[in-house]
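Trainee: coords please:
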Amino acid sequence: MTSRLERIAQQRLDSLDRIRASGVNPYPHSYPISYTTKEAIALFEKGGESLRAISLAGRVMARRKMGKMTFLDIRDGSGKIQLCFRYNSLGQEKYEFLEEIDIGDIVGAKGKLFRTKAGEITLEVSSFTMLCKSLCPLPEKWHGLADVEKRYRQRYLDLISNENARAIFTLRSRIIAAIRNFLDSRGFIEVETPVLQPQAGGALARPFITHHHALDEDLYLRIALELHLKRLMVGGFDKVYEMGRVFRNEGISVKHNPEFTLLECYQAYADYNDIMNLVEEAVSHIAREVLGDTKITCDGKIIDLAPPWQRLDLRQTIEKYSGIDFEDHPDADSLRSRMLQLGMEVDPGKGRGRLIDELISTFVEPNVIQPTFLLDYPIEMSPLAKRKRGNDRLAERFEAFINGVEIANAFTELNDPVEQRERFRQQLKERVKDGEAEVADEDFLQALEYGMPPTGGLGIGIDRLIMVLTGQSSIREVILFPQLKAKPES
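Mentor: Numbering: from 1, shown residues only. Modelled structure (predicted):
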């Protein structure tokens, strides 16, 4: 039995044949437009465009017929406007051609703007052109969980049908531009570093592996930007940043996508205190610039991004929410036993640093709603950070959280090549069995031996920051094409 969608598709193919038979090209090469719909409406409201003929173009989103008048709503990238087609103005042949226009088609129209009795700014059409015949019907309103994966898999349909989705990705573009402007205005230089690397370092993560056929070598998609940017600090750049894709061969969740956008920046002669100031200034500036206010709403909660953000000691905060003082448990076995007493499921292969990280995600993250810096992490969790002044067991490291989401990670960067080599050696012992990266990059260590100035370094998960700024609870809502499992063949 033929389905409803198959019947509609056939009707559109038949319409396409009729259009071509009439001598009309349903897919012309271009169409000159005078304004976007938003610009046209703004000009009309100023009183300057009510008489002069203009041309607009967009996708047909709705149609209504009233006697010998037909109204179409079209949408372009800026907004929506109504078109009015009158039989008496167009004549029989052109007016009847409107029957070949379906919702989803893209049309161009020329005419004059006027305001209807209902107060809607409308283009009275004097001529129109078919610009693209749509052979598939647009989806009806999205609703329910059954449609969620389709929204991500066919994002173009989501963008056509969902004004909120378009608004989110417009904001994403503006947020990224504001980040660049903020850093540029403070003397940072944007650079680009390799995506394909002989070793994947700069973070604790499992990499993706590919093969270079000409070199006959395995290469890794980068898991971080850090080690190459630090080479540039050695080379004499005092302020650098890069915003780009990184790849981690790990799980997928509402906070994780295997490929994501990361910002890393490095400032010479700075420490993690300076970077904390930079983060809170940057995020509050971006919120004012893009959203018009430092106060945002997330999950019904009002969050104020204005400085100063609260600064909390990691050890004290974990103890407050879990009852565990990690200093009382100097090895993984002792800490694991204590976590089991709390009823936690604990991987027996995880080291002390990873166990502390689980305490953070389980007990601390849900309780840090307002912008918060968690300070001073155990040294084994931070192989690229300097030891804390006055406490060699800790590193000068912070993570920034907003609404329970980690958005940033930063260090006072370790620039002692001897200690860095030893840290890598210790990390390799713990990580190699998990297939995770943090290996001794000899080229990076050699660069450190030439001398890197005291440096503060920062990484910001751009997708997570955009989640917070746009009030989204899933990272898939702010990534145009999130990673999905391959669709099974039907």
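
Trainee: dump the longest helix belonging to the chain to PDB, keeping only the CA atoms.
Mentor: For the chain, the helix that runs over the most residues, judged by DSSP state H, is helix 163-185. In PDB, the C-alpha atoms belonging to helix 163-185 read as follows (Å, rounded to 0.1, in the frame of the first residue of the first chain):
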ATOM      1  CA  GLU A 163      12.700  28.700  15.300                       C
ATOM      2  CA  ASN A 164      14.400  28.000  18.600                       C
ATOM      3  CA  ALA A 165      17.000  25.800  17.000                       C
ATOM      4  CA  ARG A 166      17.900  28.500  14.500                       C
ATOM      5  CA  ALA A 167      18.100  31.100  17.300                       C
ATOM      6  CA  ILE A 168      20.500  28.800  19.300                       C
ATOM      7  CA  PHE A 169      22.900  28.400  16.400                       C
ATOM      8  CA  THR A 170      22.700  32.100  15.600                       C
ATOM      9  CA  LEU A 171      23.700  32.800  19.200                       C
ATOM     10  CA  ARG A 172      26.500  30.200  19.000                       C
ATOM     11  CA  SER A 173      28.000  32.100  16.100                       C
ATOM     12  CA  ARG A 174      27.800  35.400  18.000                       C
ATOM     13  CA  ILE A 175      29.200  33.900  21.200                       C
ATOM     14  CA  ILE A 176      32.200  32.600  19.300                       C
ATOM     15  CA  ALA A 177      32.800  35.900  17.600                       C
ATOM     16  CA  ALA A 178      32.500  37.700  21.000                       C
ATOM     17  CA  ILE A 179      35.100  35.300  22.500                       C
ATOM     18  CA  ARG A 180      37.600  36.100  19.700                       C
ATOM     19  CA  ASN A 181      37.000  39.800  20.000                       C
ATOM     20  CA  PHE A 182      37.500  39.700  23.800                       C
ATOM     21  CA  LEU A 183      40.900  37.900  23.400                       C
ATOM     22  CA  ASP A 184      42.000  39.900  20.400                       C
ATOM     23  CA  SER A 185      41.300  43.100  22.300                       C
END
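
Trainee: just the residues contacting that helix, thanks.
Mentor: Identification of contacts with helix 163-185 by Cβ atoms under 8 Å, 6 or more residues apart in numbering yields 151, 155, 158-159, 190, 241, 243, 261, 263, 265, 282, 285-286, 289-291, 462, 465-466, 469-470, 472, 477-478, 480. All C-beta atoms are positioned from the backbone trio N, CA, C, and that covers glycine.

Trainee: contact partners for the closest residue to residue 451 other than its chain neighbours?
Mentor: In space, and not counting its chain neighbours, residue 451 is closest to residue 234: 6.7 Å by Cβ to Cβ, 6 or more residues apart in numbering. The neighbours of residue 234, taking Cβ under 8 Å, 6+ apart as the test, are 447-448, 450-452.

Trainee: make it 10 Å
Mentor: Contacts for residue 234 were tallied using Cβ atoms under 10 Å, 6 or more residues apart in numbering; they are 415, 444, 446-453, 455.

Trainee: could you list the buried residues of stretch 119-137?
Mentor: Neighbour counts over stretch 119-137 (16 or more other Cβ atoms under 10 Å) mark 121-126, 128-135 as buried.

Trainee: before we move on, what about stretch 216-227?
Mentor: Quick answer for stretch 216-227 (16+ other Cβ under 10 Å): 219-227.

Trainee: out of the buried residues of stretch 119-137, which are inside helices?
Mentor: Per DSSP H, the buried residues of stretch 119-137 never map to helices.

Trainee: I'd like these laid out as CSV, including distance to residue 320.
Mentor: Listed next are these as CSV, based on distance: Cβ to Cβ, whole Å:
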residue, distance to residue 320
121, 57
122, 61
123, 62
124, 67
125, 67
126, 71
128, 67
129, 67
130, 66
131, 62
132, 60
133, 63
134, 58
135, 60
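
Trainee: measure residue 114 to residue 124 for me?
Mentor: The gap separating residue 114 from residue 124 is 6 Å, by Cβ to Cβ, to the nearest Å.
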